[in-house]
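A.B. asks: Predicted structure and sequence below. I'll ask about it afterward.
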Amino acid sequence: MIGQTISHYHILEKLGEGGMGIVYKAEDLKLKRTVALKFLPADLTRDEEAKTRFVHEAQAASALQHPNICTIHDIDETVDHQLFIVMDWYDGQTLKEKIAGGPLKTEEATSDTIQIAQGLQQAHEKGIVHRDIKPANIIITNDGVAKILDFGLAKLAGGAKLTRTGSTVGTAAYMSPEQARGLDVDLRTDIWSLGVVLFEMLTGKLPFRGEHEAAMLYSIVHEEPQPISSLLSDVPPDIKLSITNMLQKEPGERFQHMRELLSQLGAIKKQDEAESEKPLPSIAVLPFVNMSADPENEYFSDGLSEEIISALSKLESLHVTARTSAFRFRGKELDIREIGKQLNVSTVLEGSVRRAGNKLRVTAQLINVADGYHLWSERYDRELEDVFAIQDEISLAIVDKLKVRLLGADKARLAKRYTENFEVYDLYLKGRYELSRLTEEGIKRSLDYFQQAIQKDPNFALAYVGMASVYNVHAIVGQFSSNETMPRAKSELLKALKLDESLAEAHAWLGEVHLQYEWDWSSAEREFKRAIELKPNSPEAHQFYADYLIVTRSMEQASIEIARARDLDPLSTIPNTILAYQLYVLRQFDQVIEHCRKMLKTEPSFLLQLHLWRALRQQNRLSEALAECKKLFTLFISREVAEAMKCVDAESGYKGAVRAAAKKLVDLSTQRYISPYLIATLFAHAEDDNKTLQWLEKAHEERDMVLYSIGVDPDLDRVRSSPRFTALLKKIGLEQ
């Protein structure tokens, strides 16, 4: 090969050889410059489909212009159809060769890591994942500049499903656990691989061991990495923390973007930080107006709006107001600027839907809140079955007009469809609409609609989530015990996730089952984190995770999650109830009272009313506490209980009234489900320790969905030192 001229490239010398091909130094006879030619193995490019895939990937990679990415100039073929890549030639050595000379100094390793991360950051922002970051694919020039090689080659190799002698063990050592298991990967696989590279630069050794490929892959998937401190005594804390984070086996527990790693390593300049702190583009999708002749079609116009919200909520680089807050403006004649102010968004999407027979007309307008101008508008006259395409087109138009950065698989997530059957989709929308009404009849009808959808399309994952939502609502409103509802909900959620692991709602609700019913703390945390990862704009996921963090006493992180939920759903009472609960657990009773009274002025809420009553009692403001307790039972639970409290003579006071309430609930529990935990709380207020513990033990028997909070509940401080209470804590996996 040396001395030959291929196309207009004269081969000068061989630079190296590996599993992904042979590299030669060559002269570009046209442009009179030195280049590197990489000839790919014939077995990789024999498959025309694989070759086409690679060309597309390489074309995308060639568009990357970054000082830490090797520039690709051309892709060509020899006369015998051997594919080769033309790229820049650099005077330097591979990182593999550099490490072979011994471990690098911390400053040098950090500098190289920062450069590699900066190059990968730009690639990830363009939706390109390298998949094969390792020292052999990094060149360090004589000027100390890191250059990343071989974008696109790992995907080609994966597509060809080939094993190449001499390359597998080396490549395997840098694979992420998800890559080693043959799962789909995203940008976080590069974060793992770079963590392995950084470990090796500092120590000269790999964090995982294996004499052959299978052993190495087993170690990566199942074993913990060698502690870097066992090999290197003076590792700076930020470096150690970075490596620990990058080598988390669960992708959701690593850095989620290269920018987070760069920030940890102190590589983000102040001006870059200011740039990153610019507010994200933000939007509220108002309920589309039903312009159909039949008012019953409101479920359809609502469903269209909700599906757009759901799709956009998956994008981390866009702030999307939750449905609860956006739908507060249904039918209200308010100026767009006022709506934007209340929801704290810069843009609003509004529209209308007219459905007649099999015809559909949808109008949509994207409006700038600051000046009321239309940024974009469109009218769609289509067949009913085209509703999926309309949703996709509106979502993509918003992304385009707001210049939202799509990272990794964002575009695929945005346009994801769960069924192509319009009839099935229509049944699902009806089920969602009925469930949102939270009436007894509506809940029954929603279950029927979801069941019909599943009968017509057993692979429609969202309908199973709908079924689980019905069972969860039954538990939340207290119609049925957890033992009756939670196993059913879990069954439906597992069916949904078996069909589609990427359903954030299913992960969030499964986390609730793990937390509230099974007391499986680690599984609950995993599911909540996965839900947030899949749908960063989901207020429910942030709320559920905040609740978990409160009961596990991680208050600082809980505050972050609560703030995020309130930001996403500013007009909803739900994140405010979580805040009230956190303040109550922190014994900040003055703030609980102030917050609850402020929120209750806007609308009634069972949980806010509950926290207000309990906080007043903690402050020994017993007459006020009694009034709020009666209001709680009158509005939300049973007027009979409130009446029983009124019948207590004045001398018995607060304790006598709450004892009467507890006894009445005990009587009612023989007729319908009553939460044992609520009865225990009332006996705690009556200072009857034995009855309190008795009903807490019953709550354990019935798996009451509030029992998970006993570790932090101030109402139970009187019985906290009891051996019976300690035994209860152990039964649900907690300690004092």
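C.D. replies: Thanks, I have it.
A.B. asks: In the stretch 451-600 of the chain, where is pLDDT below threshold?
C.D. replies: 477-479 (pLDDT under 70).
A.B. asks: Actually, the stretch 601-736 of the chain.
C.D. replies: 649-651, 736.
A.B. asks: how about the nearest residue to A284 once chain neighbours are set aside, what does it touch?
C.D. replies: Among residues not flanking A284 along the chain, T321 sits closest, at 3.9 Å (Cβ to Cβ, 6 or more residues apart in numbering). All C-beta atoms are positioned from the backbone trio N, CA, C, and that covers glycine. T321 sits next to 282-285, 309, 343, 345, 568-570 when contact means Cβ atoms under 8 Å, 6 or more residues apart in numbering.
A.B. asks: Could you dump those into CSV with neighbour count added?
C.D. replies: Listed next are the contacts of T321 as CSV, based on neighbours: other Cβ atoms under 10 Å:
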residue, neighbour count
S282, 19
I283, 28
A284, 28
V285, 32
I309, 23
L343, 25
V345, 23
L568, 26
D569, 25
P570, 20
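A.B. asks: per-residue confidence averaged over stretch 66-80?
C.D. replies: For stretch 66-80, the mean pLDDT works out to 84.
A.B. asks: Same question for stretch 302-312.
C.D. replies: pLDDT averaged over stretch 302-312 gives 91.
A.B. asks: which helix is the longest one in the protein?
C.D. replies: In the chain, with assignment by DSSP state H, the single longest helix is helix 106-125.
A.B. asks: Tell me the helix or strand right after it.
C.D. replies: Sequence order places strand 138-141 as the next helix or strand after helix 106-125, per DSSP states H and E.
A.B. asks: Tell me which helix or strand comes right after that next one.
C.D. replies: strand 146-148.
A.B. asks: If you average the pLDDT over that next one, what comes out?
C.D. replies: Per-residue scores along strand 146-148 average to 93.
A.B. asks: Contacts for it, please.
C.D. replies: Contacts for strand 146-148 (Cβ under 8 Å, 6+ apart): 68-70, 88, 90, 92, 95, 112, 115-116, 119-120, 123, 130, 133, 137-141.
A.B. asks: so how far is it from its chain's centroid?
C.D. replies: Strand 146-148 sits 31 Å away from the centroid of its parent chain (Cα atoms, centre = their mean, to the nearest Å).
A.B. asks: Could you pull out the buried residues of it?
C.D. replies: 146-148 (16 or more other Cβ atoms under 10 Å).
A.B. asks: would JSON lines of these with distance to V369 be doable?
C.D. replies: Listed next are the buried residues of strand 146-148 as JSON lines, based on distance: Cβ to Cβ, whole Å:
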{"residue": "A146", "distance to V369": "43"}
{"residue": "K147", "distance to V369": "45"}
{"residue": "I148", "distance to V369": "41"}
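A.B. asks: what about the longest helix of the chain, average pLDDT?
C.D. replies: Across helix 106-125, the per-residue pLDDT values average to 91.
A.B. asks: Need the CA coordinates for it. CSV is fine.
C.D. replies: Listed next in CSV are the C-alpha coordinates belonging to helix 106-125 (Å, rounded to 0.1, in the frame of the first residue of the first chain):
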residue,chain,number,x,y,z
THR,A,106,-3.4,14.9,37.9
GLU,A,107,-3.2,18.3,36.2
GLU,A,108,-2.4,16.7,32.8
ALA,A,109,-5.1,14.0,33.2
THR,A,110,-7.7,16.6,34.2
SER,A,111,-6.8,18.9,31.2
ASP,A,112,-7.1,16.0,28.8
THR,A,113,-10.4,14.9,30.3
ILE,A,114,-11.8,18.4,30.0
GLN,A,115,-10.8,18.7,26.4
ILE,A,116,-12.4,15.3,25.5
ALA,A,117,-15.6,16.2,27.4
GLN,A,118,-15.8,19.5,25.6
GLY,A,119,-15.6,17.8,22.2
LEU,A,120,-18.2,15.2,23.3
GLN,A,121,-20.4,17.9,24.6
GLN,A,122,-20.7,19.5,21.2
ALA,A,123,-21.3,16.1,19.6
HIS,A,124,-24.0,15.2,22.1
GLU,A,125,-25.7,18.6,21.4
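A.B. asks: Measure how buried R437 is and give me the count.
C.D. replies: The local packing count at R437 equals 12, with neighbours defined by other Cβ atoms under 10 Å.
A.B. asks: got a pLDDT number for it?
C.D. replies: So, for R437, pLDDT stands at 77.
A.B. asks: From the chain's centroid, how far away is stretch 657-676?
C.D. replies: For stretch 657-676, the distance to the chain centre is 40 Å (Cα atoms, centre = their mean).
A.B. asks: can you pull the buried residues of it?
C.D. replies: Under 16+ other Cβ under 10 Å, the buried positions of stretch 657-676 are 657-666, 668-669, 673-676.
A.B. asks: Quick one, which of the contacts of strand 146-148 are buried?
C.D. replies: Here, 16+ other Cβ under 10 Å leaves 68-70, 88, 90, 92, 95, 112, 115-116, 119-120, 123, 130, 133, 137-140 buried among the contacts of strand 146-148.
A.B. asks: Grab the nearest non-local neighbour of R703.
C.D. replies: Closest to R703 by Cβ to Cβ, 6+ apart is S482, at 4.7 Å.
A.B. asks: same deal with R530?
C.D. replies: In space, R530 is closest to H507, 4.5 Å off (Cβ to Cβ, 6+ apart).
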